[in-house]
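Undergrad: Have a look; sequence and predicted model below, questions after that.
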Amino acid sequence: MSGPGGIVIVGAGQGGFQVAASLREGGYAGSILLLGDEPVPPYQRPPLSKAYLTGKTDAVGLQLRPESFYADHRIAVRRDAPVVAIEREARRVRLAGGEAIPYDHLVLATGSRNRPLPVPGADLAGVLQLRTLAEADAIRARLAEIRRVVVVGAGFIGLEFAAVAAARAIAVTVLEATDRPMARALSRPMSAFFRAAHEAAGISFAFGAGVVRILGEDGRATGVETADGTVVPADLVLVGIGVVPNAELAAAAGLAVDNGIVVDSQLLTADPAISAIGDCAAYPSPFAEGAPTRIEAVQNAVDHARCVAARLNGRPAAYTAVPWFWSDQGPLKLQIAGLAVPHDETVTRGDPGSGAFSVFCYRGGHLAGVESVNKPADHMVARRLLAGRIPLAPQEAADPAIDLKARLGAA
């Protein structure tokens, strides 16, 4: 596919970048335009809450590729170029300044945005979120001067940041509306392990804690009030209560949206000239019995991108990659293969007391997902088990005498 409009990619994150790179790797010769709405080159987001906050990497180290890469591969990148409309009949997108850009095929890699905290005081200075480089810069600039932090939301980002803050001897309180950390993504045994590990590192938790307002003085946050009247003092409030898919652009253009931009098994919308990938796309996952699924993960964005690039290069195939995730929280590396939630049975392999073990999650008697802490070998085996649909009974998963790699070989 190559015409006067070429391929236009809206969104210059991991997925958008990978579409462009994979198109060239696959032999695409037409024009490629990558439109980003931030003023910086395409960069990685996962290190923002970890290595970037701790100073182990800088803004240059975050870049997905050096700027020379784009020129060498004839990929045009435009920064600060937010798209405000898709004109499907004319096959063009319109930028905020009014400019119209034609396309032969449009890839929506618009990602997601932080869910806002809908309480009074959420707009006070010192109430921050962590998704973009600019937000990470704002937090990093304050880490040396703060002594008390409240994290609203015990999800991945909130706990990654909490671990960074606690390691700097900052007092950290995590407020979570549910009854355990990372409840949306983890089994109860793994949630319990992470709660205990974070508490041992000095982090305090309050569960079932609904936030009703942010308190402040002179325009700056000074604490958080919960529904039971408790006030937790804070020099900084980090809000991490999930994300919302950036699907409004697609909806305004008449494309189907249902917790994300609805796509088929090849990540194509109902418009044959428009694909959607990554955090913003809801696709029929074979690991969710074909139900529309939206996954917020680098792996998902990258593999979506490769699938779309292959199709545009004349090699169409359904998207069937095994979902996997990771989260670094202090010395703990959590890796998840598959879609472990929901499940109806779990078994533990290894000793949680050692700090290195896995939880195998089953749904209807079949392996649905595997959660591993500091056990990369278990994680890699789990991905292959799930990809090959290789049966593994719960009692086998729990038995350390059974060699899982051998099971793979036998299968």
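TA: Here it is on my side, so go on.
Undergrad: which helices and strands does the lengthiest helix in the chain pack with?
TA: In the chain, assigned by DSSP state H, the helix with the most residues is helix 298-312. Judged by 3 or more Cβ pairs under 8 Å, 6 or more residues apart in numbering; DSSP states H and E, the packing partners of helix 298-312 are helix 14-25. Where you see a C-beta, it was placed from the backbone N, CA and C, and this is true even at glycine.
Undergrad: Identify each buried residue in the helix it packs on, please.
TA: By 16 or more other Cβ atoms under 10 Å, the buried positions in helix 14-25 come out as 14-24.
Undergrad: same question for the helix or strand hosting Ala196, mean pLDDT?
TA: Under the criterion of DSSP states H and E, Ala196 resides in helix 188-200. Per-region confidence: helix 188-200 scores 98 on mean pLDDT.
Undergrad: Next, the buried residues of it.
TA: 190-191, 193-195, 197-198.
Undergrad: Helix or strand next in line after it, which one?
TA: Next along from helix 188-200, by DSSP H and E: strand 204-207.
Undergrad: Strand partners (parallel or antiparallel) of that following strand?
TA: Next to strand 204-207 in the sheet, as set by DSSP bridges, lie strand 171-176 (parallel).
Undergrad: what's in contact with the strand it pairs with?
TA: Residues from elsewhere that reach strand 171-176, judged by Cβ atoms under 8 Å, 6 or more residues apart in numbering: 147-154, 158-159, 162, 165-166, 181, 183, 198, 202-209, 211, 224, 226, 232, 234.
Undergrad: Is it possible to mark the buried ones in the residues you listed?
TA: 148-154, 158-159, 162, 165-166, 181, 183, 198, 203, 205-206, 209, 211, 224, 226, 232, 234.
Undergrad: any low-confidence regions in this structure?
TA: Low-confidence segments of the chain, defined by pLDDT under 70: 1-4, 410-411.
Undergrad: what's the domain layout of it?
TA: The chain breaks down by automatic domain parsing into domains covering 7-113+244-312, 127-241, 331-410.
Undergrad: can you put those in CSV and add distance to Ala321?
TA: Formatted as CSV, these follow (distance: least, Cβ to Cβ, whole Å):
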stretch, distance to Ala321
domain 7-113+244-312, 4
domain 127-241, 18
domain 331-410, 8
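Undergrad: now for the ones you listed, which one comes closest to Pro120?
TA: domain 127-241 (4.4 Å; Cβ to Cβ).
Undergrad: what's the first-to-last distance across the closest one?
TA: 13 Å (Cα to Cα, to the nearest Å).
Undergrad: Beta-bridge partners for Arg349, please?
TA: According to DSSP bridges, beta-bridge pairing links Arg349 with Ser358.
Undergrad: burial measure for it, as a count.
TA: Burial measure for Arg349: 19 neighbouring residues, criterion other Cβ atoms under 10 Å.
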